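[1] can't give you the sequence, but here's the structure:
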Ligand code: SF4
Ligand code: SF4
Ligand code: SF4
């Protein structure tokens, strides 16, 4: 796991899993994405504006806005308990003409979402977590990447009232994920109360339903 160091000079933290330094399970370039996200906070002058809103109140750990990026649904950087989380996803697609029926994709799926029916694998989309293991296990390219994108998670937290994040979208495009973070941060900076956590802000303003969750 790679952390951008947390200090009270900067009121946001962007945490990535090992995908930022190379992980064979990753479905995204986490380091590149984290740099993009950091740029959003700088552009919005997030730290100065949040500090201004806190006024005389001392800065505490939970005031720091946490972003967490994971390269795959193993979610090693714990995006489910971050204010904003992104998880790399890939949708498996099958080309039956290239399939030898070897069954490697069946063994590779921890969810039991792939089974052999006759000579070919069959995918259960309800069970699939879009991790891409079956794609990486297939040596013929028959199981190949379809759509790629991000699960977008918002409003997770620990503390006195812990809660897992809301899931806003699956397979969201990079531009969509970046735009959603930008829009939500703007609203939080404009309408949040002093010391109010992001998840509580989303609940109070009903923003979660507005953004399509
Ligand atoms: S979340 Fe996935 S990509 Fe990131 S370190 Fe864990 S296994 Fe690797
Ligand atoms: S691993 Fe590839 S070749 Fe083997 S059964 Fe699955 S899709 Fe077919
Ligand atoms: S993407 Fe992951 S969860 Fe979905 S079928 Fe393949 S191995 Fe199973």
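    Now that the structure is in, tell me what you want to look at. All figures in this text were calculated on a predicted structure; none of them were measured in a lab. Ligands and ions are numbered 1, 2, ... in the order given.
[2] helix or strand for the residue most central in space within the chain, which one?
    Nearest to the geometric centre of the chain sits residue 86, at 1.4 Å (CA atoms, centre = their mean). Assigned by DSSP states H and E, residue 86 belongs to strand 84-94.
[3] and what of residue 40?
    Counting by DSSP H and E, residue 40 is part of helix 30-43.
[4] right, and the helix or strand after that helix?
    The first helix or strand that comes after helix 30-43 along the chain, using DSSP H and E, is helix 46-54.
[5] thinking again about what came up before, ok, the strand holding residue 86: who's next to it in the sheet?
    Paired strands of strand 84-94, with direction, are strand 65-70 (parallel), strand 143-154 (antiparallel) (DSSP bridges).
[6] re the thing from before, so how far is residue 173 from the residue nearest to the centre of the chain?
    12 Å (CB to CB, to the nearest Å). Backbone N, C-alpha and C define where each C-beta goes, glycine included.
[7] Mutual contacts of those two, please.
    By CB atoms under 8 Å, 6 or more residues apart in numbering, residue 86 and residue 173 have these common neighbours: residue 150.
[8] that older thread, so which of the strands paired with strand 84-94 is the most surrounded?
    Highest mean neighbour count among those (mean count of other CB atoms under 10 Å): strand 65-70, with a mean of 26.
[9] Taking helix 30-43 as reference, get the angle to it.
    160 degrees (axes from the mean of the first three to the mean of the last three CA atoms, to 10 degrees).
[10] Could you list every helix and strand in contact with the longest helix seen in the chain?
    Counting by DSSP state H, the longest helix found in the chain is helix 174-191. Identification of packing neighbours for helix 174-191 by 3 or more CB pairs under 8 Å, 6 or more residues apart in numbering; DSSP states H and E yields helix 30-43, helix 46-54, strand 84-94, strand 143-154, strand 166-172, helix 198-205.
[11] For ligand 3, find the nearest of the ones you listed.
    Closest approach to ligand 3 among those is made by strand 84-94 (4.7 Å; CB to the nearest ligand atom).
[12] Mind splitting the chain into its structural domains?
    Following automatic domain parsing, one gets these domains for the chain: 2-90+147-210, 92-145.
[13] before we move on, the earlier item: packed most tightly, which of the helices and strands packed on helix 174-191 would that be?
    Mean neighbour count (mean count of other CB under 10 Å) peaks for strand 84-94 among these, with a mean of 23.
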